[in-house]
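Asks: Have a look; sequence and predicted model below, questions after that.
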Amino acid sequence: MSVQTIETTYREAVREAIRDALKRDSRVFLMGEDVGRYGGCYAVSKGLIDEFGPERIRDTPLSECGFTGAGIGAALGGMRPIVEIMTVNFSLLALDQIVNNAATLLHMSGGQCSVPLVIRMASGAGKQLAAQHSHSLEGWYAHVPGLKVVAPATLEDARGMLWTALEDPDPVVIFEHVMLYNRGGTLAVDAGPVPIEGAAVLRAGTDLSLITYGGSVFKTLEAAEALAGQGIDAEVLDLRSLRPLDDHTLMTSVTKTHRAVIVDEGWRTGSLAAEISARIMEQAFWTLDAPVVRVCSAEVPIPYPKHLEDAAVPQVSGIVAAARRALGR
Amino acid sequence: MSDKTTSVGSKLHVDREHAMHLLTEMLRIRRFEERCAELYTEEKIRGFLHLYIGEEAVAVGVMQALTGDDTVLATYREHGHALARGLPMRALMAEMYGKQAGVSGGRGGSMHLFDMKRRFYGGSAIVGGGIPLAVGLALADKMQQRDRITVCFFGEGAAAEGAFHESLNLAALWHLPVLFVCENNLYAMGTALERSESETDIARKAASYRIASAAVDGMDVIAVEVAARQALSAVRAGQGPRFLECRTYRFRAHSMFDAQLYRDKGEVEAWKQKGPVLRFAHWLTETGLLDDAGQERIEAGIAAELQDAVAFAEGAAWEPVEELTRHVCTERPA
C-alpha cells in the first residue's frame, strides 16, 4: 500500500503542527518573542499571524520570565498555550518559572493544579552563534520531576509531537535543534499526532547500539552507514523522550547487541549520556561485552569559529571512532 | 507612612453585621497565627512559618470586594489570605501539620496553601514568582471572555524582582483584569525598603507602567476595603489592571528563625498601637457597635473553631509513604 507523501522541511512540519493545533482547539495560542509580525526567529511561525491574528499569535516583550509565567497562568486558567523561547540559553531567564512553578504546582497543591503548558525552544550548535546561543541544556530540564521533555528529530515527530504534548495535562518542554529546521524529506500527507513517550529504533542492527537524540540523530545514522561499509551492523536508537527515558527499549537493544555508544550534544559532565550510561550499568551490566562509550560535547562554551565549533560537538567521524572502540577495533 | 490615610468608617456604609464580620475575620487570622506560633514551639508545625499578625486588615479588606469566581494568588505569608478567602480552618491547620487532610494534601505546608474550589492559587515562596501567573490567569479569562478578576498579593520586596516589572508591563500592555496588591510592610525579610530601593514609593513604580495606582493605610480595614472596591470596579469595568499599595507592618518576626536585629522595639511598639484589630475594635466600641460581651462572644466562637481545627489536625492521618511519588504527573483515570 503506498502512502501519499509531500516534500517538506522540519521547520514546515513544526509550523503545520502549530497550525493544526490552533485549528483543532480554540484554547491553543502561541506566545513568544517575535513569533507574530517577525515570523519567528527561526521563521517557524511565519505567516501564522495573518491566519490566526495577533491574539493567538501573540508577540511578547523581551520578558522570558514574565511571559513563560503568564503561559503557566494561562494554562491554569484553562488555555492551552504554546510558549516559544528563542533559544535554550534565553530559557535560563525563565528557569525560575519553569522549575519553581510549572514543575511544582501540581505537587505543592496536592494534585490540584495541573499545568497543561507546552514550551518550545531551539537548542544546539552548528550555526556559529557562539557561547550564548548554541548550548544543549536538554539534560538540565530532563533532571526535573514534573516536566516532560522531548526532542523531536524526525519530520514525523516534528509534525506529530506538539498536539500530543498539548493534550498532556502536564508541562511539556520541546527541544528543536537549530540544525534540523532546514532539513528536508518526505512526510505522509496525513501525518498526525504521535506519542511523546518512547524511544524509536531508527535502524536495526546487531553489533552495537548507538543511542542518541535531537540534532545528533542524523549524524549518528550517517555514522551507522559508514560503519556498515566497514562490516559493522549498528542499531540506532532515537530517545525522542528525554524525560521520562524509555528504559525498556534501551535495555532491549543493549541486551541484544551487548555494546552501547551514547551520542549527546550536551557537555559530558553530568550529561544525559551519563544518566543513560548509569542506567545501563544498573539494568544491563551483565549483558555487556565492553564498557559503555560516550560521545559528548567538549567541556567548553561553544566557540564562534567554524572549525572550533565543529570540534566542540559530536561529529560523524567521532561517532564512528567511538563505535570502533566499543568493538575493540 | 499613613499620610494618605482614609479614616476609619469613611466612604463606605458599614452596617453592624458587616463590621462584626470584618472584626471576626481579622481576629480569626490573629488567633490562628498565635496558635500556629505555639504549635511551632511544640514542634507540631515545622519548616518555615511566616505569620501575618499586624497585616490582617489587608487580606480581610481586599477579600470583601471579591466574588467566589475571582482568582486569588498570595505569597508564603498567606495563612490570612487563605482564611479570609474562606478556606476551612480545619484543612488549613491540617496542612500546617503536613497531614493528608490538609488543603494541599500535606505536600505544601505553611507556604503552599491551595484550594481550586475557592480559586486560591497559592502559596508561592519565590518572591515575585506568583505575579506572572496572575497575568496568565487574567489573560486566560480575557481570551475566554470570562467576567472574572485575578487578585495578586505580594510584598514590597517583590518590587525588586524582574518578575514584578515584567508582569506589570504585560498586564498593562494587554489590558488584563488584574488587581495587584502590594503589602508594603517596610521590610524584605530584614532589609528595610530604603536600603534596597532607589524609589521607595511602590505605587509610583506601578504608575510608571501606566497602571492606575493608589496607596492606602493598610492598618485600616475599612480603608482597604474601600480602596479595593474602587480598584476592582475599575477592573471589572474593563479599564485594565489596577495597583493598590497597602502600607502595613509585620508585628512578629519574619519567620520563626528571625532575631529581628534590623529594627528596634520602639518602632514595633509604635506600629502595634495602630494595629488593625486594636484600632477597629476601638472604633467599634466608640461608635457603640461593640461591647465587651460582644467581643467575648466573637472570641469564644473563634476559640472553639480553632480548638476543633487543632483537634482535627492532630487526629488526621499521615499520607502513606508508599504514595511518595504521587502528584508529580497528573493522575489520569485508567
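Replies: Great, that's in hand. A quick note: this is a predicted structure, and the numbers were derived from the prediction, not measured. Numbers count the residues shown, from 1 in each chain, chains lettered A, B, ... in the order given.
Asks: mind listing what the residue in the stretch 151-300 of chain B positioned nearest to chain A touches?
Replies: Here the stretch 151-300 of chain B gets closest to chain A at one residue, B:E166, 2.9 Å apart by C-beta to the nearest C-beta. Backbone N, C-alpha and C define where each C-beta goes, glycine included. For B:E166, the contact set (C-beta atoms under 8 Å, 6 or more residues apart in numbering or on different chains) comprises A:P61, A:S63, A:C65, A:G66, A:F67, B:P132.
Asks: Enumerate the positions of the one helix or strand it maps to that are buried.
Replies: Element membership for B:E166, per DSSP states H and E: helix B:162-173. Within helix B:162-173, the residues scored as buried using 16 or more other C-beta atoms under 10 Å in any protein chain shown are B:A163, B:F164, B:H165, B:E166, B:S167, B:L168, B:N169, B:L170, B:A171, B:A172, B:L173.
Asks: right, and the helix or strand after that helix?
Replies: strand B:178-184.
Asks: Give me the helices and strands touching the helix or strand following that next one, please.
Replies: Next helix or strand after strand B:178-184 toward the C-terminus (DSSP H and E): strand B:187-188. Strand B:187-188 sits against no helix or strand, with contacts defined as 3 or more C-beta pairs under 8 Å, 6 or more residues apart in numbering or on different chains; DSSP states H and E.
Asks: same thing but at 10 Å, please
Replies: Counting contacts by 3 or more C-beta pairs under 10 Å, 6 or more residues apart in numbering or on different chains; DSSP states H and E, strand B:187-188 is packed against helix B:193-196.
Asks: Show me the contact partners of the helix it packs on.
Replies: With contact meaning C-beta atoms under 10 Å, 6 or more residues apart in numbering or on different chains, helix B:193-196 is reached by B:156-157, B:159-160, B:184-188, B:199-202, B:262.
Asks: So among the residues you listed, which ones count as buried?
Replies: Taking 16+ other C-beta under 10 Å as the criterion, what is buried in the contacts of helix B:193-196 is B:E156, B:G157, B:A159, B:N184, B:N185, B:L186, B:Y187, B:A188, B:T200, B:I202.
Asks: how many other residues sit next to B:A293?
Replies: Using other C-beta atoms under 10 Å in any protein chain shown, B:A293 is surrounded by 7 other residues.
Asks: ok, now B:E331?
Replies: The number of residues packed near B:E331 is 12, by other C-beta under 10 Å.
Asks: show me where pLDDT drops low in chain B?
Replies: Within chain B, the segments meeting pLDDT under 70 span B:1-11, B:334.
Asks: immediately after the lengthiest helix in chain A, which helix or strand?
Replies: Longest helix of chain A, by residue count under DSSP state H: helix A:10-24. Next along the chain after helix A:10-24, taking DSSP H and E as the criterion, comes strand A:28-32.
Asks: and the angle from that following strand to helix A:10-24?
Replies: Relative orientation of strand A:28-32 versus helix A:10-24 (axes from the mean of the first three to the mean of the last three C-alpha atoms, to 10 degrees): 130 degrees.
Asks: Count the neighbours of residue 227 for me.
Replies: Picked chain A for this. A:L227 has 21 neighbouring residues, counting by other C-beta under 10 Å.
Asks: oops, I was thinking of chain B
Replies: Taking other C-beta under 10 Å as the criterion, the count of residues near B:A227 is 27.
Asks: Would you agree B:A84 falls within a strand?
Replies: No. Counting by DSSP: H, G, I helix; E, B strand; the rest coil, B:A84 is not part of a strand but helix.
Asks: ok, it touching B:I29?
Replies: Yes. Using C-beta atoms under 10 Å, B:A84 and B:I29 qualify as a contacting pair, with a distance of 6.9 Å.
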